[in-house]
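Peer 1: just to be clear, the model below is a prediction. Sequence and coordinates:
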Amino acid sequence: MNSFQSIYELIGEDQIRQLTRHFYREVAQNQALRKLYPEDLEPAERRLFLFLLQVFGGPQTYLEERGHPRLRMRHLDWKIDPGMRDHWLNAMLTALDKLKPKQHAKELMMGYFIKVANHMINHE
């Protein structure tokens with residue numbers, strides 16, 4: 001089991017759902033992020049929820065429905081520069097702060113989100 005898989009055991013499905021909900025509330029309030037999404041945020045929220053469930057050790061529904069995540073490839077249509085990365089990361093970390101998970105889970109999740117956000121940069 002990798003260290004991220006223990007997150008599901010530490011916080012559970014409901015907390016991952018709440019994290020996703022908090023994140024999309026942040027997206028709705030951030031003009032830079034909001035313009036990247038269609039008017040209806042619900043499908044994107046569901047996809048992120050399923051993705052995070054899988055990454056953090058829960059059910060593999062994302063893989064079953066959408067295949068391999070291929071995050072970088074799926075996001076190539078959008079210009080993600082360091083500024084956009086910061087908008088996304090700040091929204092996610094704000095959502096994580098609202099969730100208030102145990103410190104160990106929070107540190108693992110923060111590390112994952114920082115790594116992924118940096119990896120997604122496709123423009124300088």
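Peer 2: Now that the structure is in, tell me what you want to look at. In this text, all values refer to a predicted model and were calculated from it rather than measured experimentally.
Peer 1: now do residue 67 against residue 51, distance only.
Peer 2: As for residue 67, its distance to residue 51 is 12 Å (criterion: C-beta to C-beta, to the nearest Å). Placement of C-beta: from N, CA and C, glycine included.
Peer 1: these two: who's more crowded?
Peer 2: Using other C-beta atoms under 10 Å as the criterion, residue 67 and residue 51 rank with residue 51 on top: 18 against 8.
Peer 1: the more buried one - nearest residue in space that isn't next to it in sequence?
Peer 2: The shortest distance from residue 51 to any non-neighbouring residue, by C-beta to C-beta, 6 or more residues apart in numbering, is to residue 62 (4.8 Å).
Peer 1: list the contacts of the longest helix seen in the chain.
Peer 2: Assignment by DSSP state H gives helix 5-29 as the longest helix of the chain. For helix 5-29, the surrounding residues in contact (C-beta atoms under 8 Å, 6 or more residues apart in numbering) are 33-34, 37, 41, 44-45, 48-49, 52-53, 56-58, 90-92, 94-96, 98-99, 101-102, 104-105, 108-109.
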